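> missing the sequence, but the structure's below:
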Ligand code: P6P
């Protein structure tokens, strides 16, 4: 017999309104923006759920700005998020993995002229996994428009410390939306499809200080730098009290990070000889995941510096990332420190 997990039935919508009460100066715009985001997530979830049945699998036959083949779902999800965010009237600019340039939102009405938020998102991250039914997800980060912005990019080419909201929605065996508005507070919501509501099921997520799982594409071992090789070799040989580390890699960032955030350990996509700046995009993959991780008590580093201290050079810039449990990430930093001194 299915029993609703003991929750107070706090929906995401109510959670956001409760959060708004803490900000006396709040206009409600951020709440409207987040409401638009969750509607798009629900819409995408309903399509992912049936993708195999409604011909939404397979290639679109086009290529995105990254030079990657687009899946049908990439294209549709991108349209849904752009439309939903535009309709909120609270977004001035958007950056999407699927669009080459910044999306400028034309105000629909007088009050939209005061739109002050900028959203960077990857509508369907891990889309290469869609056709095999593996978890995929949406990743998003929200910034305030830069006051003295001379052009649309300016509001995005700022350090990750400017991010005010970060989250992801994972489309898997269940639909989980994990979000933080800062204040060291990360919360997880599970979609109840019959209600059409995200219900608070994982309040105040804290990442364990240490974890025994590492998540990295070991197929690239020979292409890694010496510090990364040494760190992964250490994990394989290093046994604390006889325990060994377990390797878990799905190849879908949202799924790999969700497991790391919830259970601890480390997720990494380092530089390699083919991806000399790393593969993951700074603005709409690394920044949101790094912010979530830090707010849950973890850490996120490039190896050499804190991810959120990066200032992207372009809206589709990439960076290496090691994120997860505080102690695990600090060990990575120690390895990079040793190897940088030996250069
Ligand atoms: P690789 C998916 O394409 C993605 O952008 C992330 O979701 C994932 O973490 C990474 O790339 C996987 O890359 O090279 O290991 O297949």
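Arrived safely, thanks for sending. Note that this is a predicted model, so its numbers are computed, not measured.

> How far off centre is the lowest-mean-pLDDT helix or strand in the chain?
In the chain, no helix or strand scores lower on mean pLDDT, DSSP states H and E than strand 69-71, which sits at a mean of 72. Put simply, strand 69-71 sits 20 Å off its chain's centre (C-alpha atoms, centre = their mean, to the nearest Å).

> what do you get for stretch 100-107?
On the basis of C-alpha atoms, centre = their mean, stretch 100-107 sits 21 Å off its chain's mean C-alpha point.

> Show the pLDDT at the most centrally placed residue in the chain.
Note on the chain: the residue nearest the mean C-alpha position is residue 139, at 3.7 Å, using C-alpha atoms, centre = their mean. pLDDT recorded at residue 139 is 98.

> Surely residue 177 is within a strand?
Yes: counting by DSSP: H, G, I helix; E, B strand; the rest coil, residue 177 is found in a strand.

> burial measure for it, as a count.
Using other C-beta atoms under 10 Å, residue 177 has 22 other residues around it. The C-beta positions use only the backbone N, C-alpha and C, and glycine is treated the same way.

> residues in the stretch 101-250 of the chain within reach of the ligand, list them.
125, 126, 128, 217 (C-beta under 6 Å from any ligand atom).

> Repeat the analysis, applying 8 Å as the threshold.
Residues of the stretch 101-250 of the chain lying near the ligand by C-beta under 8 Å from any ligand atom: 122, 125, 126, 127, 128, 129, 217, 219, 220, 249, 250.

> what two of these are the furthest from one another?
Spatial extent of these (C-beta to C-beta) is set by the pair 122 and 219 at 22.4 Å.

> next SSE after the lengthiest helix in the chain?
For the chain, the longest helix by residue count, based on DSSP state H, is helix 29-50. Following helix 29-50 in sequence order, the next helix or strand is strand 59-63 (DSSP states H and E).

> surely residue 149 meets residue 156?
No: contact criterion C-beta atoms under 8 Å: residue 149 and residue 156 do not qualify, at 9.5 Å.

> So for these two, which residue has more residues nearby?
Per other C-beta under 10 Å, whichever of residue 149 and residue 156 has more neighbours is residue 156, with 27 against 16.

> who touches that one in this structure?
With contact taken as C-beta atoms under 8 Å, 6 or more residues apart in numbering, residue 156 is in contact with 93, 95, 102, 118, 120, 143, 283, 312, 315.

> What of residue 179?
By C-beta under 8 Å, 6+ apart, the neighbours of residue 179 are 12, 34, 165, 166, 167, 186, 187, 189.

> unless I'm mixing things up, the first one is touching residue 41, no?
I take that to be residue 12. No: using C-beta under 8 Å, residue 12 makes no contact with residue 41, being 9.3 Å away.

> Now for the two: what residues contact both?
177, 198.

> follow-up on the earlier one: what's the offset of the longest helix of the chain from the middle of its chain?
15 Å.

> Then stretch 162-174?
6 Å.

> Please apply the same query to stretch 172-189.
Computed by C-alpha atoms, centre = their mean, the separation of stretch 172-189 from the middle of its chain amounts to 11 Å.
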